[in-house]
Every structure is written in structure tokens, then in C-alpha cells.
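Visitor: okay, sequence plus prediction incoming.
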Amino acid sequence: MFTGIIEGLGRIKNIEPVAGDIRLHVEAGSLDMSDVQLGDSIAVNGVCLTAIEFDNKHFVADVSNETMALTSLKDLATGSEVNLEKALLPTTRLGGHLVSGHVDGLGEVLVIKEASRSIQIIIRAPDELKYYIAMKGSICIDGTSLTVNKITNNDFEIKGMKTLWTLRNDDNYYFRWGAPGFLREFIKNIPYEVSEGFYYGSDGYVWGREFLSKNPKTPRELEIEKHWYHWMTFGRLGYNPDLPDQRFVDILQNHFPEIDGKLLFDAWQEASMIYPVTTGFHWGAADFSWYIEGCISHPAGSFDRLGIHHVEQFIKQKVHAGTNNQSIPDYVEMVMAGETSELTSPLEISGQLHNHADKALELINSLGSVENAELSNTLADIRSISYLGKYYAHKINGATHLALYRKTKNKEDQAKAVEKLDMALVFWRKYTENAMKQYINPIWMKRVGMVDWVKFTDHVKNDIEIAKQH
């Protein structure tokens with residue numbers, strides 16, 4: 001490895017054909033050769049070569065015809081000056097950037113001109129490298145570490161450039177999730193004409209060994225093992241988004257032969273839809289601005305100094321653009337104006353959440369008790385998600401009626417708000433009780449801070465008091 005900081009200026013003494021390749025004899029010039037050993041790597045114009053002979057003033061290196069063809073070495077002649085750098089040591093000061101000495105391609109110098117106290121060089125990169133050149137990024141030209149100061153359409157054609165999407169899980173950390181129907185629609189709606197593909201991972205959470213279970217395996221299982229269905233669904237549908245639901249039913253049936261695979265598929269999908277339905281309505285654009293399993297965010301993503309997403313936040317929060325959802329303020333304005341809308345209203349969102357949760361609970365309740373530990377934990381996760389969905393359904397409904405009451409002063413709207421927020425408290429307690437049978441809480445999350453379900457109950461109670469205020 002090299003740094004791109006030139007250590008010496010050498011000169012080509014001789015170019016000798018050897019067995020179909022080329023042997024370069026290089027005068028070391030100002031390069032210090034005192035610590036060079038046989039077989040050491042020396043970069044010549046950024047190309048990593050091996051010293052097969054050397055003394056204090058020169059060295060010899062063989063270059064294959066392929067290397068000559070793919071690099072600027074092909075333009076060398078006897079007497080040509082070359083940039084030289086010895087391979088770095090672990091103790092070397094890294095003044096430039098890490099350079100492998102394996103040249104990626106040849107560019108074309110278009111302009112060299114003085115610019116104040118520096119020299120401006122405009123280079124046209126080959127098509128296959130343009131997508132990897134970043135503004136203010138480092139690039140090695142003839143062995144010299146340089147900084148990209150400008151990228152122009154004329155010299156770096158971006159038409160037809162495709163994007164590799166980063167898909168981040170910022171939502172479901174505790175509970176097992178799986179909704180092939182949602183993922184299929186999502187993947188099919190990725191703009192294929194400008195997309196190279198996607199990769200999937202997590203930001204703000206470590207996909208190592210799970211550390212939340214109160215009754216863990218020994219050793220603790222990997223997160224990718226716990227969430228196998230989640231990851232497998234992304235992988236299978238990413239490869240073939242037309243894969244039918246029946247394939248996932250068959251996989252679940254094979255994995256859990258003691259129960260009806262179709263029933264588990266349906267229950268898991270219904271519960272899992274609570275995440276996108278809730279987050280599509282109560283939208284946080286960045287990973288720190290909304291964590292659904294804790295109803296919390298970093299303070300920067302909330303109107304509350306602790307990051308609590310209380311009923312006031314649910315009234316004010318924006319919806320996800322493009323979801324066809326209607327925000328609570330827009331809904332209230334529409335009602336006050338006596339108008340209608342084709343958008344999905346907050347009360348309809350509440351109804352969707354109830355529907356998903358109720359279906360999931362009905363299905364898993366029909367199964368009774370199971371002995372398989374993984375299956376039991378999966379069903380408990382589905383139950384927790386469903387209770388969480390019921391909490392958000394009641395909270396969105398209560399927030400909507402509270403916003404209406406503040407405009408209409410109609411006591412019926414206020415009573416409805418209190419009623420729904422009372423029910424939100426009921427289901428928050430159910431959610432907390434069920435989830436804490438399995439999982440450790442509180443925990444500290446990198447993006448949003450401390451997530452404490454029990455302590456948050458006081459904030460859920462406070463939502464009711466807010467609604468009671470005149």
C-alpha cells in the first residue's frame with residue numbers, strides 16, 4: 001500500500017523486452033534507497049512494481065504487457081521522468097490517502113492551467129469509473145494523491161448513471177417482522193431504470209448476537225438467525241419479486257411443521273403491516289427522528305426536550321409524502337370547511353391499524369399453546385406488535401378528535417379524544433407487559449437514547465390529561 005505522497009522523482013534509464021514482457025531500469029533520483037530490500041514494492045507513476053534488482057541509485061522491475069496496456073506506463077520512453085514512492089510501513093505518516101498501486105483506468109487530461117497559487121487539472125475519466133468519483137474525494141493520478149474539487153456534466157457524464165440503494169432498518173429491533181406482501185410491492189416500485197440494486201442493513205443497531213432476550217440460547221443467537229424470516233424475505237424477493245406468497249407459506253410450514261403455515265403467514269403479515277402503516281402516517285425522515293417500538297425519537301426529531309412523541313406530536317407530525325395519507329391538521333381543516341378528500345384520513349389510518357392488529361390476534365389466539373421455543377417467541381412477538389398497533393390506532397384517533405375539539409369546541413369531540421386515549425393506555429400496558437416477558441428493557445439506543453417502556457407509561461397517561469384540558 002502507498003499514500004500518494006511522492007517521495008522522489010526518478011527517470012527511466014532503459015526499457016528492455018524480456019520474455020514477452022517489459023523490464024524497466026529506473027534511476028532512483030531523489031528516492032532514498034537505503035532501506036529497500038529485494039522484493040520490495042515501489043510505485044512508479046502509481047503502479048505497484050516489485051524491485052528484482054537494486055542498488056543505492058537505481059532499481060529494476062518487470063512489467064507485464066497487460067499492465068503496460070492498462071496504465072500510463074505504456075507511454076514511457078528512455079529518459080521519461082517518473083514519480084516514485086516506496087510502500088508504506090505501519091509507522092508511516094498517512095499524509096495522502098490509501099493507494100493500492102493497482103490502477104483502475106486511464107484518464108484523459110483536458111486542461112492544465114494556473115489557478116491562483118495552484119495548478120488546475122481537468123481530467124476526463126473513463127465511463128466505468130465516473131460513478132466512483134466523489135466531490136472532495138481523493139483520487140490518485142500518476143501516483144499523486146489529489147482531491148476532486150469539481151465534477152462537471154461536460155467532463156463527467158452522469159446520464160444513465162444507476163444508483164445502488166441503501167435500505168436501512170430503523171424500526172424493528174426487538175420483534176421478528178415479516179410482510180412479503182409489503183416487500184413485494186416495495187421492491188416492484190423501486191425505479192428499475194435508474195437502479196443498480198440494493199443492499200440491506202441497519203443503522204443505529206448492531207447485527208451481532210442478540211442481547212435483548214431474557215431467556216437466551218447459549219451462546220446467544222445471531223440477530224440474522226433470530227430475524228431469519230425478515231432477511232430471507234428481502235433476499236428472495238430482491239432476487240425475484242414475483243415469488244408468490246405460497247412459497248413463503250411452504251417455507252414457514254417446513255420450518256414449523258407443527259402448525260398451519262398459512263395461518264402463521266397471515267398472522268405474521270397482518271401484524272408486520274403495523275410498522276409501515278404507522279410510520280407512513282407518523283413520519284420521521286431520518287433514523288433518529290422516529291423509533292416506533294418506543295414511541296420516541298432523538299429530541300431533534302420531536303417537539304419535546306426528551307424526544308417523547310406525545311399526543312401533541314401526533315397532531316403536528318407530517319405524513320410520509322407519496323403515501324396518500326392525510327395529516328391531522330389537514331383533516332381538521334377539511335372538516336371545518338365542509339369538504340371531502342380522496343386522501344386516507346387519520347381515522348381511516350386508525351381503522352387500518354385496528355384491522356391488522358385484530359386479524360393477527362385472532363389468528364394467533366386460535367393456535368393455543370405451543371411447545372417449540374422459537375415458535376412461541378415468534379407468536380409472542382406477533383402479539384406484542386399487535387398490541388402496539390392497537391395503541392397507535394387509539395392514539396391517532398384520540399389525537400384527531402382532540403384537534404377537532406380545539407377547533408369546534410364540541411364536547412363530544414373532547415370526550416371521544418379522552419375515550420380513545422384511555423384505550424391507548426390500556427394497550428400500551430398490554431404491549432409493555434407482553435414484551436417484557438421476553439425482552440430486557442430499558443435499553444439505550446444509539447440514535448434515540450434511552451427507551452424505557454415502563455417509564456413511558458407516565459407520558460401515555462399524560463396524553464389523557466392533555467385531552468381533558470379546556
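Guide: It's in. Nothing here was measured: the structure is a model prediction, and the numbers come from that model.

Visitor: looking at this, residue 330 is in a helix?
Guide: Yes: judged by DSSP: H, G, I helix; E, B strand; the rest coil, residue 330 forms part of a helix.

Visitor: and it, how far from residue 277?
Guide: For residue 330, the distance to residue 277 equals 18 Å [Cβ to Cβ, to the nearest Å]. (Glycine included, C-beta is placed from N, CA and C.)

Visitor: neighbour count for those two, which is higher?
Guide: Counted by other Cβ atoms under 10 Å, residue 330 and residue 277 do not tie: residue 277 has more neighbours, with 23 against 16.

Visitor: in which helix or strand would I find the more buried one?
Guide: Element membership for residue 277 (DSSP states H and E) is helix 274-281.

Visitor: what is the residue positioned nearest the centre of the chain paired to in the beta sheet?
Guide: The chain has residue 168 as the residue nearest its centroid, 3.0 Å off, counting by Cα atoms, centre = their mean. For residue 168, the beta-bridge partners are residue 201 (DSSP bridges).

Visitor: only alpha carbons, please: show the helix holding residue 277 as CSV.
Guide: Taking Å, rounded to 0.1, in the frame of the first residue of the first chain, the C-alpha atoms of helix 274-281 are listed here in CSV:
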residue,chain,number,x,y,z
ILE,A,274,-48.5,-2.1,11.6
TYR,A,275,-44.9,-0.8,11.1
PRO,A,276,-45.4,0.7,7.6
VAL,A,277,-48.9,1.9,8.2
THR,A,278,-48.0,3.7,11.4
THR,A,279,-44.7,5.1,10.1
GLY,A,280,-46.4,6.2,6.8
PHE,A,281,-48.7,8.4,8.8
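
Visitor: does anything pack onto that helix? Which helices or strands?
Guide: helix 346-365, helix 373-408 (3 or more Cβ pairs under 8 Å, 6 or more residues apart in numbering; DSSP states H and E).

Visitor: dump those to JSON lines, plus mean pLDDT.
Guide: As requested, the helices and strands packed on helix 274-281 are exported to JSON lines (pLDDT from 0 to 100):
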{"stretch": "helix 346-365", "mean pLDDT": "98"}
{"stretch": "helix 373-408", "mean pLDDT": "98"}
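
Visitor: tell me which of the ones you listed sits nearest to residue 66.
Guide: helix 373-408 (52.8 Å; Cβ to Cβ).

Visitor: residues of that closest one that come out buried?
Guide: Residues of helix 373-408 classed as buried: 374-375, 377-405 (neighbour count, 16 or more other Cβ atoms under 10 Å).

Visitor: orientation of that helix relative to helix 346-365 in degrees?
Guide: 160 degrees (axes from the mean of the first three to the mean of the last three Cα atoms, to 10 degrees).

Visitor: give me the contact list for the helix holding residue 277.
Guide: Applying Cβ atoms under 8 Å, 6 or more residues apart in numbering, the contact partners of helix 274-281 are 171-172, 177, 179, 182, 290, 292, 319-320, 323, 325, 346, 349, 352-353, 356-357, 385-386, 388-389, 392, 396.

Visitor: stretch 399-419 now?
Guide: Counting by Cβ under 8 Å, 6+ apart, 311, 314-315, 328-329, 331-332, 335-336, 346-347, 350, 397-398, 420-421, 464, 466-468 sit against stretch 399-419.

Visitor: enumerate the positions of the strand with the most length in the chain that are buried.
Guide: Criterion DSSP state E: the longest strand present in the chain is strand 8-18. Across strand 8-18, burial judged by 16+ other Cβ under 10 Å covers 8, 10, 11, 12, 13, 15.

Visitor: near residue 38, how many other residues are there?
Guide: Around residue 38 there are 10 residues (other Cβ under 10 Å).

Visitor: show me the contacts for it.
Guide: The neighbours of residue 38, taking Cβ under 8 Å, 6+ apart as the test, are 51, 52, 53, 54.
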